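Q: sequence unknown, structure follows:
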């Protein structure tokens, strides 16, 4: 016996409290042995979180290679406009029909490729955090993500042409990314500053300050921008690092205050301040450790040219969101600058944005990123 739970929206569904409660109510009413979710990103996040709360196993049937969360053990939810990642559970099985995935709208496949390409900057941030804050880093987990990323970066045209072999490579990479997240119990292997950019834009869209855009599209544009920031940050490791000052609260900047996220931002600020305090005993990181980290980070940046070429196949400028672009994904210079300046307030996770902020360079790189390139 099968009980069906359908959402009326054909588009615009959000993984929020209301959607979660609708699925939870259906699970409680039907008392099922298990659940099957057929759909892409939002439906999987809702189901993963709802079944976790109700202690029900579920199976995922992806209908598009559009995101990396099919195998994840965390759920990306949007509560009160803020993207929040909650512990959940991974599916007990994933069944993806390549004919269905290849028949999905081409733009959804491009979103999945954009999401996967963003793992290169996420890896940079993870390596950086290990060097600066002592966060645990697992090369084996990181490699599970890097391998599929490299293969997909080398053949974007094949993926976008809905070739089934190419789609197979892409969905395998997206599933591996989710497995990597499940292995470490967080989204760290797959999410860094590029996702913080996307979360910031989601918040602006929720507040009506910009149009909503698909997650993978946002991550693709953010990845191009963050690669530029990460190249700039490598120079900071050459001369050593100074003790970072405390971060500003939301009240000190009217731009963030207008978004009514003061409590959220201050909670992140406090957590980051506690992390810096915990690093005090080992600060500054010894020069040999920073030199090793720099070599590791440079090896990560070796993939940047291939990722940039793949992003161009998606229509993403090498510079990231371009204020001078006549059409397409567009952010005006003040919004793009605010993104660079404040996206690190969306999460407590350490990224290149925090390094640049701690070294007093965030305003300079924000100016550089928002200067149109001819």
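A: Perfect, I can see it now. Not measured: the values here are computed from a predicted model. Residues are numbered from 1 along each chain as shown.

Q: Quick check: residue 83 vs residue 230, distance?
A: Residue 83 sits 22 Å away from residue 230, going by C-beta to C-beta, to the nearest Å. C-betas here are computed from N, CA, C, even on glycine.

Q: Look at those two and report which has more neighbours.
A: residue 230 (26 against 21; other C-beta atoms under 10 Å).

Q: Okay, buried residues for the host helix or strand of the more buried one please.
A: In the assignment (DSSP states H and E), residue 230 maps to helix 215-233. Using 16 or more other C-beta atoms under 10 Å as the test for burial, helix 215-233 gives 215-230, 232-233.

Q: do stretch 169-185 as well
A: Buried, per 16+ other C-beta under 10 Å, within stretch 169-185: 169-184.

Q: Give me the buried positions along the helix or strand hosting residue 85.
A: Using DSSP H and E, residue 85 sits in strand 82-87. Buried residues in strand 82-87, counted by 16+ other C-beta under 10 Å: 82, 83, 85.

Q: List the residues that contact the last one.
A: If you count contacts by C-beta atoms under 8 Å, 6 or more residues apart in numbering, residue 85 has them with 74, 75, 76, 77, 186, 187.

Q: between those, which is nearest residue 58?
A: residue 75 (11.7 Å; C-beta to C-beta).

Q: what's around residue 286, how many residues?
A: With other C-beta under 10 Å as criterion, residue 286 counts 10.

Q: Just to confirm, what confidence does the model report for it?
A: Looking at residue 286, its pLDDT reads 77.

Q: Relative to residue 124, how far out is it?
A: Per C-beta to C-beta, residue 286 is found 21 Å from residue 124.

Q: next one: residue 337
A: Using C-beta to C-beta, residue 337 is found at 22 Å from residue 124.

Q: now do residue 166
A: Between residue 166 and residue 124 the computed distance is 26 Å (C-beta to C-beta).

Q: In terms of neighbours, single out the busier of the two.
A: Neighbour count, other C-beta under 10 Å: between residue 166 and residue 124, residue 124 has more, with 28 against 23.

Q: pLDDT score assigned to the more buried one?
A: 97.

Q: what's near enough to touch it?
A: 192, 230, 297, 300, 301, 352.

Q: So it belongs to a strand, correct?
A: No. Secondary structure assignment places residue 124 outside any strand; it is helix (DSSP: H, G, I helix; E, B strand; the rest coil).

Q: Now do it against residue 189, distance only.
A: 12 Å.

Q: cool, residue 354 as well?
A: From residue 354 over to residue 189 (counting by C-beta to C-beta), the distance is 18 Å.

Q: just to revisit the earlier point, so what's the gap between the strand holding residue 85 and the chain middle?
A: How far strand 82-87 lies from its chain's middle: 12 Å, per C-alpha atoms, centre = their mean, to the nearest Å.

Q: repeat for stretch 149-169
A: 20 Å.

Q: Over to stretch 294-310?
A: So, by C-alpha atoms, centre = their mean, the centroid of stretch 294-310 is 18 Å from its chain's centroid.

Q: Show residues contacting it.
A: For stretch 294-310, the external contacting residues (C-beta under 8 Å, 6+ apart) are 113, 117, 120, 123-124, 127-128, 131, 146, 149-150, 152-154, 156, 223-224, 227, 230-231, 234, 237-238, 318.

Q: Of those residues, grab the buried ones for ChimeraX.
A: In ChimeraX, a selection of the buried entries from the contacts of stretch 294-310 looks like this (16+ other C-beta under 10 Å):
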select :113,117,120,123,124,127,128,131,146,149,152,153,156,223,224,227,230,234,237
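
Q: all strands in this protein, in order from the N-terminus.
A: Ranges of strands in the chain, per DSSP state E, are 35-39, 58-62, 74-79, 82-87, 93-94.

Q: will you turn these into TSV that also has distance to residue 28 and mean pLDDT?
A: As requested, these are arranged in TSV below (distance: least, C-beta to C-beta, whole Å; pLDDT from 0 to 100):
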stretch	distance to residue 28	mean pLDDT
strand 35-39	12	94
strand 58-62	15	96
strand 74-79	18	85
strand 82-87	19	82
strand 93-94	23	95
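
Q: Residue 366 is nearest to which of those?
A: strand 82-87 (21.5 Å).

Q: partner strands of that closest one, parallel or antiparallel?
A: strand 74-79 (antiparallel) (DSSP bridges).

Q: Buried residues, the strand it pairs with. List them.
A: For strand 74-79, by 16+ other C-beta under 10 Å, it's 74, 75, 76, 77, 78.
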